[in-house]
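[1] One predicted model, sequence on top.
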Amino acid sequence: MRIARLQVRNFRGISHLDWIPAIQPICCIIGPGDTSKTTVLDAAEAVLSPRWVTFSEADFLNGNTELEIQIEVTVAELSPSLLADNRFGLYIRGLLADGTIHDEPEDGDEPVLTIRLSVDATMEPVWTMVCDRYPVPRTLSNRDRAMFCLVRLVGEEARHLTWAQGSMLARMTGRADGAAQQLAAAYRSARQNANLDSIQELVDTAEAAEGYARELGAYINNGYRPDLELGRGGFNSGSIALHDGTVPLRLAGLGTRRLATLAVQRSAIQEGAIILVDELEQGLEPHRILGAVAQLKRSQSEAQLQSRAVGQILMTTHSDVVISELEPGSLFVMRKLAGVGHCSLLQASVGGDLSRIMKHAPRSLFGHRILICEGATELGMMLGVRECYPPRHDEVPIEQRGAAIIDGGGAAAPPLACALASLGYPVAIFRDSDRRLDARWAAEIQRLNVSVFEYAQGLNTEQAIFQAVPDDRIDALLLVLTEFISEHSLRDQFVRGLPGIDYTTPYSDWDLIGDQDAHHRHILSEMAVSQNWIKTEIRGRAVASIINQVVDRVPDSALAQCLRGVEGWLYA
């Protein structure tokens, strides 16, 4: 099963949303806080979950019950039982890859079913099957909705780690003939003999759950088995719980409980489940996040190779580790117009290739604005200079304002800026001005309102630094460079570039008669470029404190004016 389209009207903070995940088996939603990311999962669950959903005034947009809640979910990858004429085969519609739905399926269309949930001022939810070929809609029962195989991993994992009625372990066990009768016998004799290991169906289910949980990275000490956990409520099916050795699994750590529950939920449905996960990373270390995401992707790939139902995972995350394991097509950025609740989910691949950022700088995608530095020199310098900002801004760092700084990779910076801007991020580029932007990218950058900060007078960063830095700060710069360049190498570079100059003496003692000062500064900048003096992030950061002094002491320089502009943008 797979959600191919989700349409939401007037539900909680969403006035309008039309999302087309299309054929994506994994969809991960990110975005700023309070953009209704979790509400998207809640909407899908409300439509497809077999449980009864209770609504209140708070579930209506702005609490206005006159605005009817309407949520439509179009489901693809349908099971044979759903396609049968005696079920919903007569309500089949056709879906194109772009999300267009044909009420009368056409050749090449994927068969889909559309379920609508409506809630008016009476607070009574009504689930119906949408198909314009039939003027009278068909109302769906909870049994009907259960056939769409939706499960959600939520905070209340304990129930699914027991054999309580309706739990996933009960569903797994229920596949075996005779299990119910044996369980009933166990209930009657529990007070005398609680030897649950003798019920093979329970043992098999526990072993299957252990295998799935181990694949996802759950910590397992002694192996899963069924055992009794009696409480004040007396003995019932919920008293039979999954144990790790002799310890109830509900007492395990949050991460292990969540992974075990996810494994049980996924394995309990054979038709290709739709799984909703809010913040997969909760309770998990980075390596277990990596393992869980990798295993979920692997199980879907195996199902596809074996021509089985793949299913779908819809999740939200605030973890850069999760993003680093995804493909750009699986990532969706949530945007919401302030004050009106009009939402959109933009696929990360829509404006260009973000794979390098997702692998190497995923944290930036959680930022409210992104500064793209053209290369390692600019990146290192900005990462160092930003540490000097808080005293000028009430001790507020740029990170607290949601700003991120990333490496644009040279010529890749303009297309990267356009790709991010098309996803709704405020973006700026910090670059040299010795080479003009490609005309095509310059036009696109202007169209997308990307800010560009570059030095006046056509300078590269090294030239801008050595033109602006005061004499005594040249000495400081060269001293910093000796931490990265051997004395022999630096001396050899000066012999070739500035013969007769001893770089260990103060710059003010060099031969600066006439225009020699400008000449020396030009040669120093050329040496810095050709010998890669500051062409790494770590060296750029090392000279940042000196650069910040230049901004304060020489405010009219091209370097200071450019960096002041960047600072203002980061704090805008």
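    Structure received.
[2] any idea how far G13 is from the residue lying closest to D18 once chain neighbours are set aside?
    Once flanking residues are discounted, D18 sits nearest to Q7: 5.1 Å by C-beta to C-beta, 6 or more residues apart in numbering. Backbone N, C-alpha and C define where each C-beta goes, glycine included. Remark: distance between Q7 and G13 (C-beta to C-beta, to the nearest Å) = 16 Å.
[3] who has more neighbours, the two?
    When Q7 and G13 are compared for neighbours, Q7 comes out ahead with 18 against 14, by other C-beta atoms under 10 Å.
[4] helix, strand or coil for that one?
    Under the three-state scheme (DSSP: H, G, I helix; E, B strand; the rest coil), Q7 adopts strand.
[5] my read: it touches L17, true?
    Yes: in terms of C-beta atoms under 8 Å, Q7 counts as a neighbour of L17; the distance is 6.9 Å.
[6] wait, is L242 part of a strand?
    Yes: under three-state DSSP, L242 sits within a strand.
[7] Where does pLDDT dip in this protein?
    154-161, 163-168, 170-195, 230-238, 266-271, 339, 511-515 (pLDDT under 70).
[8] Following the record's annotation, map out the domains of it.
    Domain assignment for the chain by automatic domain parsing gives 2-149+287-333, 157-268, 360-451, 461-570.
[9] right, and these - which one's nearest E279?
    Each of those has some distance to E279 by C-beta to C-beta; the shortest is domain 2-149+287-333, at 5.9 Å.
[10] ok, back up a step: and the domains of the chain: which comes nearest Q347?
    Smallest distance to Q347 across the domains of the chain (C-beta to C-beta): 5.7 Å, for domain 2-149+287-333.
[11] Tell me the gap between the closest one and the middle of its chain.
    19 Å (C-alpha atoms, centre = their mean, to the nearest Å).
[12] what about it, start to end distance?
    This stretch, domain 2-149+287-333, spans 19 Å end to end (C-alpha to C-alpha, to the nearest Å).
[13] same check, this time on stretch 309-326
    21 Å.
[14] how about it: buried residues?
    309-317, 319-326 (16 or more other C-beta atoms under 10 Å).
[15] Equivalent analysis for stretch 20-30, please.
    Residues of stretch 20-30 classed as buried by neighbour count (16+ other C-beta under 10 Å): 20-22, 24-30.
[16] who's in contact with it?
    With C-beta atoms under 8 Å, 6 or more residues apart in numbering as the test, stretch 20-30 has contacts from 2-6, 37, 40, 76, 97-99, 296-297, 300, 310-318, 322-323, 326, 329-334, 345, 365-366.
[17] got it, and stretch 548-558?
    Contacts for stretch 548-558 (C-beta under 8 Å, 6+ apart): 384-385, 388, 455-457, 459, 464-465, 467-470, 473, 559-561, 563-564.
[18] Recalculate using a threshold of 10 Å.
    Outside stretch 548-558, the residues that touch it by C-beta atoms under 10 Å, 6 or more residues apart in numbering are 381, 384-389, 392, 433, 454-459, 463-465, 467-470, 472-473, 476-477, 543, 559-564, 567.
[19] The residues you listed, buried ones only, as a PyMOL selection?
    Per 16+ other C-beta under 10 Å, the buried members of the contacts of stretch 548-558 correspond to this PyMOL selection:
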select buried, resi 381+384+385+386+388+389+433+454+455+459+463+464+465+467+468+469+473+476+477+543+559+560+561+562+563+567
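[20] Could you tell me which of the contacts of stretch 548-558 belong to strands?
    E454 (DSSP state E).
[21] Tell me the helix or strand right after the longest helix along the chain.
    Longest helix in the chain, counting residues (DSSP state H): helix 286-305. Going down the chain from helix 286-305, the next helix or strand is strand 312-316, by DSSP states H and E.
[22] Can I get that next one in CSV? Just the C-alpha atoms.
    Extracted in CSV, the C-alpha atoms of strand 312-316 (Å, rounded to 0.1, in the frame of the first residue of the first chain):
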residue,chain,number,x,y,z
GLN,A,312,5.6,3.0,2.4
ILE,A,313,7.1,4.9,5.3
LEU,A,314,6.0,8.4,6.0
MET,A,315,8.1,10.1,8.7
THR,A,316,9.2,13.4,10.2
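[23] counting contacts, what elements does that strand pack onto?
    strand 2-11, strand 26-30, helix 37-48, strand 150-153, strand 274-278, helix 286-305, strand 331-336 (3 or more C-beta pairs under 10 Å, 6 or more residues apart in numbering; DSSP states H and E).
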